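> Okay, here's the prediction I keep looking at, along with the sequence it came from:
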Amino acid sequence: MASMIDIQRDIILNAIKQTTRGDWKILILDEDTQKLINNVVKEDDILNLNITNIERIEDRRQTIRDMDAIYILTPKPHIVDCMMAEFDQRRYRGFFLIWTTLLPPHLKERIDRSQMAREQIRSFRTVHLDFHPQESHLVTFKDPWSFPILYHPECNNLVVKHMEDIAEKVASQIMLITGICVALGEYPIIRYYRPRNPTHEASVLCSHLARFVQDKLDMYSQFNQDFPPQSNRPRGALFITDRSMDLMAPFLHEFTYQAMAMDLLPIQDSDKVTYRTIVNEEDPEAEEKDMEISDKDKIWVENRHRHMKDTLDKLISDFQKFIADNPHFTNQDAQNAAGMNGLNAIKDMIAGLPQFQEMKEAYSLHLTMAQKCMEIFQKHKLPDLASVEQCLATGLDEDYRKPKNMTDQMVRTLDDEEVTPADRLRLIALYVLFKNGILPADLQKLLFHAQLPPPDGEVIRNLDLLGARVARQLKEKRDAPQPLFPPKPAPPPNAEDYGLSRFNPALQDMLEEHVRGTLPQDVFPFTKMSPDDAAQMAQDNSAPASLRSAKPTWAKSRLASVEPRQRVIVFVAGGATYSEARACYDVSNKTSRDVFLVTSHMMKPQLFLRQVGDLTQPRRSLRLPIDQPQPKAPEHLFEKPEPPKPAPPPAGTKPQIPGGLPTGPRVAPGPPKPPTAAMAAVNLNSSKHSPAASQSSTKPGKEEKEEKKKKKKLHLFSSKH
């Protein structure tokens, strides 16, 4: 399957390669593009493309006017200010500008009007890169502020502009995901979520966003006659949804490895996803270390979507196999590593494996994380809590019948002192959603009974801003809400079923209905549909069941392995859960589709509780980036550089006499050489100045050797041509 990490890396490297064209150049990034590129590309891979150095546009740098520079920049006002200072200083010989998304018209006009910019710009283009592939099929914009902007009542004036920005990014991703940039792009069918009987203002969010994306793709197709190119791949599909489509998923405890670890452990998700643990435990050289959790970790990729029980079994069996493959372990070691109680024995054995450091650290990390998860699972009574949660979320008990006495079960769970306050709040939220609203007085009683502070009540009440019905009147008759998708039938007796994992996110049901061709058009309408699309829909809907199996067929879904896979992109505005990410991978594996999840940010339960609670706080207390002082270009970029002082001639050489004939014999011109004098002036540490580029090259032997050593340090001689 295609990987968004590989796609973005290839686009970045190809953009640099096409710009250098074998000539030596400097690469200039800003703070945002540096993080973006560091996420997917190794520095050596960039330096091997005839790049002498990588620097930040915000930092102090030396002026090198006999070299060209490539700029990969985010289109922000203060970055354009930095660029105008670069033009004014004539810092490099020529400027090759690459923007990570379209430059706003007023900023582009500012550059276009500058004569100095026109004189120095050698190329100016956009390569859509403004996204962060967290996994092969999971893309985020790292924008948690998207949630309050979309749902906070005081942010209504920001919504339209924010949706246009999202549409720009989503439209870019379609072209990237489905074909490595526009040249191999695809024109997807767009469908969006339209809730039945909506009661909240944000109910029109998906329809507006879908229209924005459709307009941008239509405009691109209008100005690019070769888009989309001919292909035998089934036409892609894009689904525009938002957080309100499934309010159960963020509150529920899920017991697959990744979702459980992200919920229960202090995993940091900033530039990289990391977990702080002790490396080489039981060793004199033990140290705390932030271990990265990414697609580079094969153990993580192989196990992250397994149920925690299966993950533990797999880790233990893999380690037992490792013991069997290494004869210096004893049979007693193998026996100690067996069973659920073998985790500590395995960790002890790992500590004594200095010759397998990388494997040792990887297994130690995941065994530690799994063990911590299981300790919390037992300590805070998560089995009992999850049993009630599953009944509330699915509307069915473990026997797939209508549950009884749910209020009593919930109150008993709230009484348990081992259940954390945050878990009690999550349980009450699920109960209110299950009941489709309760009396305000009853909500107060539940919060008091759970010993939760009054502000926690705002989390429950604010759910109405996302379309939930929270309160009802004393004699109000209210029908049970129609489920978005019909409940699934009970699995056959011999099927593997986890009683605490019966709930499926709505996103998974949506994808499965799409594959079967039975997705309801009233809830998921098209932005527009051609006659060919309508014919395909009719064909899909004409045979919804298989006569042999008497259940919905997956024959259409199981495309032959030799055929190109259809690409399905799901965008979730306002944040997605790790259970939804897992659902996308599950459908990909079952149906021979490539399903990509794209979202503003990944949402852990604690973050969701906080963000929902903040929806009635004053806007100024949210400290939205748009309400803060905007970043400015550093003052030092506008300082006039001092004129370079001429270097004194080396001792023992005759001064040059102006005029007259050359003093030495004439030498025929040779082939072009790399600008080594300019390269010698480059410094990887941009905060320190390098020797002047005009320094004489006629040096004694010792100095010449030192110069070569210096160049090697700067990657000049190690770069591949």
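Cool, got the structure. Everything numeric here is computed off the predicted structure, so don't read it as measured data.
> What residues are bridge-paired with residue 126?
residue 99 (DSSP bridges).
> Pretty sure it sits against residue 102.
Yes. Residue 126 is in contact with residue 102 according to CB atoms under 8 Å; the separation is 5.6 Å. All C-beta spots, glycine's among them, are computed from the backbone N, C-alpha and C.
> all strands of the stretch 51-200 of the chain, in order?
For the stretch 51-200 of the chain, the strands defined by DSSP state E, counting those that start in this stretch cover 51-56, 68-73, 95-99, 121-126, 132-135, 138-140, 189-192.
> mind listing what's buried in stretch 609-623?
Neighbour counts over stretch 609-623 (16 or more other CB atoms under 10 Å) mark 609, 611, 612, 613, 614, 615, 622 as buried.
> What is the end-to-end distance of it?
This stretch, stretch 609-623, spans 18 Å end to end (CA to CA, to the nearest Å).
> do stretch 295-313 as well
Stretch 295-313: ends 21 Å apart by CA to CA.
> in it, what's buried?
295, 297, 299, 300, 303, 304, 305, 306, 307, 308, 311, 312.
> which phi and psi does the nearest residue to the second one once chain neighbours are set aside have?
If I follow you right, that is residue 297. In space, and not counting its chain neighbours, residue 297 is closest to residue 362: 6.3 Å by CB to CB, 6 or more residues apart in numbering. When read as degrees, to the nearest 10, the backbone of residue 362 gives phi -70, psi -50.
> List the contacts of residue 362.
Each residue near residue 362 by CB atoms under 8 Å, 6 or more residues apart in numbering is listed here: 297, 298, 299.
> The last one and residue 369 touch, don't they?
No. The criterion here is CB under 8 Å, and residue 299 misses it with residue 369 at 10.4 Å.
> Which residue, other than its chain neighbours, is closest to residue 208?
residue 163 (5.8 Å).
> Report the rounded mean pLDDT for stretch 123-139.
Stretch 123-139 comes out with an average pLDDT of 91.
> Out of the contacts of residue 362, which is nearest to residue 115?
For the contacts of residue 362, the closest approach to residue 115 (CB to CB) belongs to residue 297, at 51.8 Å.
> From residue 1, how far out is the closest one?
18 Å (CB to CB, to the nearest Å).
> Residue 626 too?
From residue 626 to residue 1 the distance is 37 Å (CB to CB).
> Residue 377 touches residue 384, doesn't it?
No. Counting by CB under 8 Å, residue 377 stays clear of residue 384, with 10.9 Å between them.
> Check which helices and strands the host helix or strand of residue 391 is in contact with.
Taking DSSP states H and E as the criterion, residue 391 maps to helix 382-394. Using 3 or more CB pairs under 8 Å, 6 or more residues apart in numbering; DSSP states H and E, the elements in contact with helix 382-394 are helix 406-415, helix 421-435.
> and this protein, what are its domains?
Listed by automatic domain parsing, the domain ranges of the chain are 4-130, 133-246+505-627, 257-379, 382-466.
> Ok, which of those comes nearest residue 477?
domain 382-466 (11.5 Å).
> first to last residue in the closest one, what's the distance?
OK, domain 382-466 end separation, CA to CA: 27 Å.
> what distance separates it from the centre of its chain?
31 Å (CA atoms, centre = their mean, to the nearest Å).
> tell me the mean pLDDT over that domain?
Domain 382-466 comes out at a mean pLDDT of 94.
> repeat for stretch 589-604
92.
> Could you export the strands of the stretch 51-200 of the chain as CSV, including mean neighbour count and distance to residue 479?
Formatted as CSV, these follow (neighbours: other CB atoms under 10 Å; distance: least, CB to CB, whole Å):
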stretch, mean neighbour count, distance to residue 479
strand 51-56, 22, 59
strand 68-73, 23, 55
strand 95-99, 22, 52
strand 121-126, 14, 51
strand 132-135, 23, 40
strand 138-140, 23, 37
strand 189-192, 22, 26
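> wait, what's in contact with residue 317?
Neighbours of residue 317 in contact, by CB under 8 Å, 6+ apart: none.
> rewinding a little: tell me, how many neighbours does the residue nearest to residue 208 end up with?
23 (other CB atoms under 10 Å).
> I figured it hits residue 212, correct?
Yes. Using CB under 8 Å, residue 163 makes contact with residue 212 at a distance of 5.8 Å.
> what's near enough to touch residue 268?
Taking CB under 8 Å, 6+ apart, one finds 274, 275, 276, 290 in contact with residue 268.
> make it 6 Å
Shown in contact with residue 268 (CB atoms under 6 Å, 6 or more residues apart in numbering): residue 274.
> Output stretch 33-40 in CSV with nothing but the alpha carbons.
Output of stretch 33-40 as CSV, limited to C-alpha atoms (Å, rounded to 0.1, in the frame of the first residue of the first chain):
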residue,chain,number,x,y,z
THR,A,33,9.2,23.8,7.1
GLN,A,34,12.2,22.6,9.1
LYS,A,35,9.9,20.5,11.4
LEU,A,36,7.9,19.3,8.4
ILE,A,37,11.0,18.2,6.5
ASN,A,38,12.8,16.7,9.5
ASN,A,39,9.7,14.5,10.1
VAL,A,40,10.2,12.5,6.8
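> got the contact list for that stretch?
5, 8, 9, 12, 72, 74, 271.
> which of these lies closest to residue 431?
residue 271 (37.8 Å).
> Now do the strands in the stretch 551-700 of the chain.
Going by DSSP E, counting those that start in this stretch, the stretch 551-700 of the chain shows strands at 551-552, 567-573, 594-599.
> Packing partners of the last one?
Which is strand 594-599. Counting contacts by 3 or more CB pairs under 6 Å, 6 or more residues apart in numbering; DSSP states H and E, strand 594-599 packs against strand 138-140, strand 567-573, helix 578-591.
> Against which helices or strands is the longest one packed?
If I follow you right, that is helix 578-591. helix 257-264, helix 506-516, strand 594-599.
> now the ones you listed as TSV including distance to residue 583?
Output for the helices and strands packed on helix 578-591, formatted as TSV (distance: least, CB to CB, whole Å):
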stretch	distance to residue 583
helix 257-264	10
helix 506-516	4
strand 594-599	8
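> Most tightly packed of those?
The highest average neighbour count among the helices and strands packed on helix 578-591, using mean count of other CB atoms under 10 Å, belongs to strand 594-599 at a mean of 26.
> buried residues in stretch 191-204?
So, applying 16+ other CB under 10 Å, buried residues of stretch 191-204: 191, 192, 193, 194, 195, 200, 202, 203.
> beta partners of the second one?
The bridge-partner assignment for residue 192, based on DSSP bridges, gives residue 240.
> Test my guess that it contacts residue 239.
No. Residue 192 is beyond contact range of residue 239, at 7.1 Å (criterion: CB atoms under 6 Å).
> shaky segments in the stretch 201-350 of the chain?
For the stretch 201-350 of the chain, applying pLDDT under 70 flags the ranges 280-284, 326-350.
> Helices along the stretch 551-700 of the chain, start to end?
For the stretch 551-700 of the chain, the helices defined by DSSP state H, counting those that start in this stretch occupy 578-591, 605-613, 619-622, 676-680.
> Can you say which of those helices is nearest to residue 82?
helix 676-680 (21.8 Å).
> Grab the nearest non-local neighbour of residue 457.
residue 447 (5.3 Å).
> Is that neighbour located within a helix, as I assumed?
Yes. Counting by DSSP: H, G, I helix; E, B strand; the rest coil, residue 447 is located in a helix.
> okay, now it: neighbour count?
20.
> Contacts for the helix or strand encompassing residue 13 next, please.
Element membership for residue 13, per DSSP H and E: helix 4-20. Residues outside helix 4-20 that contact it (CB under 6 Å, 6+ apart) are 37, 40-41, 49-50, 70, 96, 98, 127, 133, 136, 139, 176, 180-181.
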